[in-house]
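Everything below, folded, please.
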Amino acid sequence: MTSSTWLSSAEAWWAWPLLVHFVANMPLTKHLRVAIIDSSPALKSRGYLRKDGVPDSRVSTVTPATISFFRDIGAWEHIIQQRHAFFGKMQVWDYTGLGYTRYNARDVCKEYLGCVVENKVLCNSLLLRLQEQKEDIEKMIYPTRLVSLAFPSKSRQGTAGLKSPSTEADSTGHTSEALRRSNLVKLDLSDGQTLYSKLVIGADGSKSNVRQTAGIKTSGWSYPQSAIICTVEHIAENDCAWQRFLPSGPIALLPIGGNFSNIVWTMSPEEASRHKSTSPEDFVKSVNHALDSVHGPHPNSSSLDRYMERLFSGIGDTAASTQECFEVPPKAIGLISDRMAFPLSLMHSHDYVSKGLALVGDAAHTVHPLAGQGVNLGFGDAAALANVISEGVSVGADIGDLSLLSRYEKDRKAANIAMAAVLDGFQKMYSVDFGPLNVLRAAAFHGAQFISPLKKNIISYAMGDRKSPLFS
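Sure thing, here's the model as predicted:
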């Protein structure tokens, strides 16, 4: 049996390496003993992934705020040695042709809006950095599964499966060991091992076994949508992120390096099934139609545009992208990966923490992927929790104490709920094809395009620099 001070469980590849890095890089927490329960084959990767290979279709769009986290822990230098794609421009429009919005990093005096990175590159880079910090990384990882959790009883008289202290008192000191373990969380693993931990970190995805075992309830709903993801090829390199809202859901075209782009296409489950089974050639044609002329015309400059530009030209410094015209996205010429589809849902845990337990990432919340913010919310959770752990250690607190962990929940819950509400609002607003509502959406596009302070606030919010996309 092994005793550890905190633990991150399986499936969420991004959360536990980041937590380990933050804790390992903080002087006050370097002594903490860590156990990682994860049976993922990705943990066996230890070298740089080739840039000239076919990009994987599972990618994340990381914000500048997330990139700064990676730089702080020394993992970003490993990412830049592998495939990644910064983008400084983004264009968003809908199928009615009534309006569009363009964003440019120059609007907020930045070099880029974000960076698209394959999930396997993020994970690999975190592992490489972790290996630099911890030579005994293999001793930290338990390539197995969590079977059950047993939390300390309120009376602290021991946990199930342990003899009472009075029956273990002998010269070997079993009494003190049993008393110590009675205050820890007991974890039974599928390989027969048992761990005891002051703090269990549930980073095991939206169907979190840790969350369910702890009895933490959730609220949410399933969307009548699925998302298809895949990788396509162009004639030339794509350096812009594109998103068009269609009646069935948005389609996004994201640069992934070289002449490749990632597709995230939201539609009904029936449409997703049909598009998955069509020939690659027909699928590419459908992608190009969805990003171009199907359902409606391209947005064109109009007298309303010129009026809006003149009306709001005196409000704040004019954003550079206000002068940019609508552009047609680059055509896809081939499908180079398998097509994967997954259902979409919104979920939020009523509690992020309890005594000896903290949830991060998808284990605590899931959001609609239309803005690519889910992974960034999870990275924000990991960073905030690591900071709380460090602060607790600095004052000699029990890192599993509920009053300490509640500070993490207070810090992250409001921000995560706000982002979930914004994305859910967008999903609902663009899921109805109704004349007056179409006009309101067009007005929103015009406002975001020509009201420079609003445009800058939206960009800063999406980049992780602001807590609200509105004026403040």
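
The nearest residue to residue 247 once chain neighbours are set aside: what secondary structure?
Among residues not flanking residue 247 along the chain, residue 433 sits closest, at 5.0 Å (CB to CB, 6 or more residues apart in numbering). All C-beta spots, glycine's among them, are computed from the backbone N, C-alpha and C. Of the three states, residue 433 takes coil under DSSP: H, G, I helix; E, B strand; the rest coil.

Could you do residue 422 as well?
At residue 422 the chain is in helix, as set by three-state DSSP.

tally of neighbours for it?
18 (other CB atoms under 10 Å).

Ok, residue 362 next?
25.

Kindly report the same for residue 219.
9.

backbone phi and psi for it, please?
Per-residue torsions, residue 219: phi -120, psi 150 (degrees, to the nearest 10).

Mind listing the residues bridging to it?
residue 348 (DSSP bridges).

And it, how far from residue 415?
17 Å (CB to CB, to the nearest Å).

now swap in residue 342 and tell me
The value you get for residue 342 to residue 415, if CB to CB is used, is 25 Å.

Neighbour count: those two, which is higher?
Using other CB under 10 Å as the criterion, residue 342 and residue 415 rank with residue 415 on top: 16 against 11.

Give me the pLDDT value at the more buried one.
Residue 415 carries a pLDDT value of 91.

Residue 41 - how many residues pack around it?
Around residue 41 there are 7 other residues, counting by other CB under 10 Å.

ugh, wrong one, residue 352
Per other CB under 10 Å, the neighbour tally for residue 352 reads 27.

Now for the spatially closest residue to it that is not a sequence neighbour: which residues touch it?
Leaving out its chain neighbours, the residue that sits closest to residue 352 by CB to CB, 6+ apart is residue 409, at 4.1 Å. Each residue near residue 409 by CB atoms under 8 Å, 6 or more residues apart in numbering is listed here: 351, 352, 353.

Out of these, which is nearest to residue 394?
When the contacts of residue 409 are compared for distance to residue 394 (CB to CB), residue 353 wins out at 19.1 Å.

and residue 226, bridged to which residues?
On the basis of DSSP bridges, residue 226 is bridged to residue 267, residue 343.

May I ask which helix or strand of this structure has the lowest mean pLDDT?
Counting by mean pLDDT, DSSP states H and E, the chain has its least confident helix or strand at helix 165-168, which shows a mean of 37.

Please tell me how far the residue most central in space within the chain sits from residue 221.
What sits nearest the mean C-alpha location of the chain, by CA atoms, centre = their mean, is residue 375, with 0.6 Å. Taking CB to CB as the measure, residue 375 falls 21 Å from residue 221.

now residue 180
As for residue 180, its distance to residue 221 is 43 Å (criterion: CB to CB).

pLDDT below threshold where in the stretch 351-472 of the chain?
467-472 (pLDDT under 70).

Which stretches in it count as strands?
Along the stretch 351-472 of the chain, counting by DSSP state E, counting those that start in this stretch, strands occupy 353-354, 357-359, 365-366.

quick one, which of the ones you listed is packed in tightest?
Among those, ranked by average contacts under mean count of other CB atoms under 10 Å, first place goes to strand 357-359 (a mean of 28).

hmm, who's touching that one?
Contacts to strand 357-359, defined as CB under 8 Å, 6+ apart, come from residues 151, 185, 199-203, 208, 210-211, 214, 216, 349, 351-353, 385, 400, 405, 408.
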